[in-house]
Structure formats: structure tokens, C-alpha cells
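Visitor: the sequence isn't on hand, but the structure is:
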């Protein structure tokens, strides 16, 4: 009889990507794999590529730290989601739940707790996000991407595993990427990423500064869904809405990278030793987590930090120029870092939790 696992996490690609790495590993272990996510979130689209996974949509509401009328409506959505998750988990009888976080995960964690199913959660940021703060008391184990996160938690259930990185993160096919973008090998490449949903402030800054930046760089710009501005088309500039399989190729040709400071993205850049200019979200929820991530990377000598509130055309161009001039220093600093391979360690913790559940059931607990 197969072991059954329920994965959850969503709202942004960062809350899904780690699960996409674990799905093939669960398949190798012959698990029956289910995913509980939102009805219309990005997780549903991303998970749909994996035919071995059965997807179950539930009602979800956003967790906000500020007063808003939507909070009242979302309370009812979350309560409905908890009941839906409870019934699903009761029916599926999984051996373990793995949560990558995000607001969709909270009803699943609570539904699992009501069914007495062991829960393993993953915290990608330096400081724990709101969804994981709610989930933490109910978890058997919390895995962390940063050593400091585990060290600062008060009990033994916190385990430093390192980041969950894609196996095919590194691409050697530089020529394929150059051909896809219409670039040459004679000029450095600047890769600009605004996250899976895009970053309007960064997109606007690219529009303002692209002529000057193109004097030095060829530019790859990942804009976000529906945000490609076709009027910006010009030699040496290539825009994408969103990339998945092509990302490894684009990272391979990048000399320097401008990015938000989501943990998944910056850990990948660290593993690839790509000098980065980080422009974090700085307000509310996971956005304040981005600021902490970026400050940590700046202090470690892995990145430069530019606050969005202080970003002007002049500061943007100057920061990119300084990053490029000192790229070898940043790469050397990253070379000394233990990047970690979280996925195998997390799979062991998932199996341990599932085995504990089986032993308890056999013992009649």
C-alpha cells in the first residue's frame, strides 16, 4: 500500500517552487501525491504540469496585517477552507502534510491538525512569515533555509536544512540562451527579475533607464504576467512575461542580476554565484521578510541593496554599475558559502514524520 502525502503552499511562485522540486522525489518513493491549493492561484497552474499529482482546490483568504474590509470577508473564506481541508484530509488519510507556506497553507495545516496528521512546514525567509507563525505550533517539524532562523526558534523541532533548489538549476548551454535572446557573447548581460507577478516599480525604472543601460549591457527583463511592453522592443533588449524551464539558460548568460529578495530567488542566485542587486518589497507581511533577507545578503557580501523608496534613475544605474565593476568580489564571497541542498534532508524528515504516524496508528494512539 502506498504512503500518501499532501503538499500545500501558494499565493506566489516562491511558495510553490519548493514543492515542485519535492514532487519527483515523492514519486521516486512511490508516494500517492496530493496537492491542496487555492481555486485560482498560481499554484494550480504550476502543479498542473505534474500528472502524478491530484490537485484539490479549497476556499482561501489573504492574511493581512492591516485593517481592511476584505479581512471580514476573508475570515469566512478561511473558515470555509478549514472545513474543506478537514474533510479532504479525513478522506485522503495522508501519512504526512508538507507545507511550503503562504496564506493557502493555513487552512490545510489546521485541517491536518484536526485530523491528527503530522505536519512538516518549511520557512524560506530569515524571519518567519505570518502564515508559518500561525502554523508553527501545530507542526511536528519546521525546516529552515537560514541557519539563524532555526537557531532563534525555542524548541528542538526547528531543523536547518538549507534551501530547496532545483536539480537542473545550472545550465551549460550558453549559446542556446544567447540565440533565444538574439544576443552576442561580446557584451555583458544584465538580467532583471521582478518576481512571478512582476514588479511595476522595477518595470517602470527599466523603461526609464534602458537606453543608458544598453550602452553597457544586453538586457533580459522578466516583467510579470501581462506586463511586457512591446513598445520597448529594441536590439539588445529581450522581455519575457514569466519563465520556467528557460530560467537556467538565462541565468547562465547573466553577468549580474537585479531581483526582488524572495528567498527562493536569492538562494538560487547564491548557489550560482551571481552578483545581485536586491530591491526588496519593504511593506507588510512577506514583504518585510524580503527586506530582512536582502539586509542579510548585503551584510554577508553577497549582494548590493537598493531600497525601493530610494530608487531613482540615477541610483538605479549607479548601483548596477558598481555591482558590475565589483562582480568578482561578490562571486568570491559567495564561493565560500555553504549553499546547502535542502530537498534530500527535507525528504528524510517527511519520511520520518510519516513513519511516526504509521507507528502511532499501529500502537493504537
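Guide: Structure's in. What do you need? The model shown is predicted, which means the values in this text are computed figures rather than measured ones.
Visitor: do you know how far residue 167 is from residue 131?
Guide: 27 Å (Cβ to Cβ, to the nearest Å). Quick note: C-beta positions are derived from backbone N, CA and C, even for glycine.
Visitor: oops, could you answer that again for residue 297 instead?
Guide: 23 Å.
Visitor: check residue 234 too.
Guide: 41 Å.
Visitor: so which of these two has more stuff around it?
Guide: A direct count of neighbours by other Cβ atoms under 10 Å for residue 234 and residue 131 places residue 131 higher, at 25 against 11.
Visitor: buried stuff in stretch 28-35?
Guide: Going by neighbour count (16 or more other Cβ atoms under 10 Å), the buried part of stretch 28-35 is 31-35.
Visitor: let me know the average pLDDT across it.
Guide: Mean per-residue pLDDT for stretch 28-35: 96.
Visitor: try stretch 92-104
Guide: The pLDDT scores in stretch 92-104 average 94.
Visitor: what about it, how long is it end to end?
Guide: From its first residue to its last, stretch 92-104 covers 18 Å (Cα to Cα, to the nearest Å).
Visitor: so residue 122 sits in a helix?
Guide: No - membership of residue 122 in a helix is not supported by DSSP: H, G, I helix; E, B strand; the rest coil, which gives strand.
Visitor: tell me the bridge partners for it.
Guide: Here residue 122 shows beta-bridge partners residue 143, assigned using DSSP bridges.
Visitor: list the contacts for the nearest residue to residue 238 once chain neighbours are set aside?
Guide: Spatial nearest neighbour of residue 238, chain neighbours left out: residue 181 (4.1 Å); criterion: Cβ to Cβ, 6 or more residues apart in numbering. Going by Cβ atoms under 8 Å, 6 or more residues apart in numbering, residue 181 touches 218, 220, 238, 250, 253.
Visitor: any idea of the pLDDT on the first one?
Guide: Reading off the per-residue confidence, residue 218 sits at a pLDDT of 98.
Visitor: correct me, but it touches residue 189?
Guide: Yes - counting by Cβ atoms under 8 Å, residue 218 does reach residue 189; the two are 5.0 Å apart.
Visitor: need the residues touching each of these two.
Guide: residue 183.
Visitor: list the buried ones in stretch 237-253?
Guide: For stretch 237-253, by 16+ other Cβ under 10 Å, it's 237-240, 242, 246-253.
Visitor: now do stretch 1-16
Guide: 3-16.
Visitor: residue 159: neighbour count?
Guide: Counted with other Cβ under 10 Å, residue 159 comes out at 16.
Visitor: scratch that, residue 168 is what I was asking about
Guide: Residue neighbour count, defined by other Cβ under 10 Å, stands at 9 for residue 168.
Visitor: please apply the same query to the one 3 residues further on.
Guide: For residue 171, the tally of surrounding residues (other Cβ under 10 Å) stands at 18.
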